[in-house]
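K.L.:
take this sequence and fold it.
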Amino acid sequence: MTQQRGFTLVEVLVTMAIFALLGIGSFTVLDQMSKTKTQSEAAREQLQQMQFGWLMIEQDLRQLVNKPTRPNGTEVVRRYVSNDERVTESDSGVLALVKSGYDNPGLLLPRSELQPVIYRVRDGVLERVSFPYVNDRSDEPVVQPLMNDVEAFSVRFFRDDAAGDQQQLQNQGIRAGWQGSWDTEGDVPKAVEVTINSKAYGEISRQFLTAASTAVSVSDEDSDQ
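P.N.:
Below is the predicted model:
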């Protein structure tokens with residue numbers, strides 16, 4: 001008669017330890033895969049944010065118009081694009097302009113197709129602030145978050161003397177090339193350089209043509225309130 005032999009305690013413990021190690025290993029692999037997926041999704045979202053933000057800036061600058069403004073009935077402003085931080089509160093830098101292309105099918109709405117737009121940074125978020133009317137800023141603006149974790153935002157402007165009287169500009173102390181501010185009335189820069197410093201991508205600078213030579217000129221009579 002054959003005697004059946006069972007597992008010893010040591011064998012049982014060794015088997016349990018092996019299965020425990022396999023379980024821990026499987027969990028570690030799955031956890032790492034989950035973290036990698038989460039990080040990939042976060043990186044993809046950051047990339048999409050950055051691409052969309054740059055696209056909005058480019059579109060607005062390409063639709064820049066020569067439009068004098070009178071915000072809320074104040075003195076007429078003939079600086080068509082500005083990085084003056086007095087325009088709005090910003091943690092780092094400002095870009096303000098008036099653009100065309102504000103859809104108003106059939107002119108059914110009591111406004112023009114022009115729109116004032118301001119880029120600013122609040123609590124690390126690059127925001128695009130737009131108003132429904134060029135001069136009346138009393139309505140609540142539309143604030144559109146574009147990029148997170150923005151540490152710095154700055155703007156420079158390029159002047160091309162070929163577009164005007166070089167001697168007259170020199171007499172006014174205005175030089176060609178890249179400038180840190182735009183104080184010239186009745187004119188728009190040839191190009192605008194925007195620099196964004198973010199935690200995810202560091203410092204990125206892009207330069208955009210404004211089509212200044214063919215920029216749309218709009219008088220006060222052609223605009224809305």
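
K.L.:
check what pLDDT the most centrally placed residue in the chain gets.
P.N.:
Nearest residue to the geometric centre of the chain (CA atoms, centre = their mean): Gly53, 3.8 Å. Looking at Gly53, its pLDDT reads 95.

K.L.:
can you name the next helix or strand after the helix or strand where it lies?
P.N.:
Under the criterion of DSSP states H and E, Gly53 resides in helix 9-62. As assigned by DSSP H and E, the chain's next helix or strand after helix 9-62 is strand 65-66.

K.L.:
tell me which other helices or strands that next one touches.
P.N.:
Judged by 3 or more CB pairs under 8 Å, 6 or more residues apart in numbering; DSSP states H and E, the packing partners of strand 65-66 are strand 216-217. For every residue, glycine as well, the C-beta is placed using N, CA and C.

K.L.:
what is the rounded mean pLDDT of the strand it packs on?
P.N.:
Averaging pLDDT along strand 216-217 gives 49.

K.L.:
run a quick neighbour tally on Val29.
P.N.:
Val29 has 10 neighbours, counted by other CB atoms under 10 Å.

K.L.:
no no, Ile24
P.N.:
Ile24: 10 neighbours (other CB under 10 Å).

K.L.:
try Pro145
P.N.:
Other residues near Pro145 come to 12 when the count uses other CB under 10 Å.
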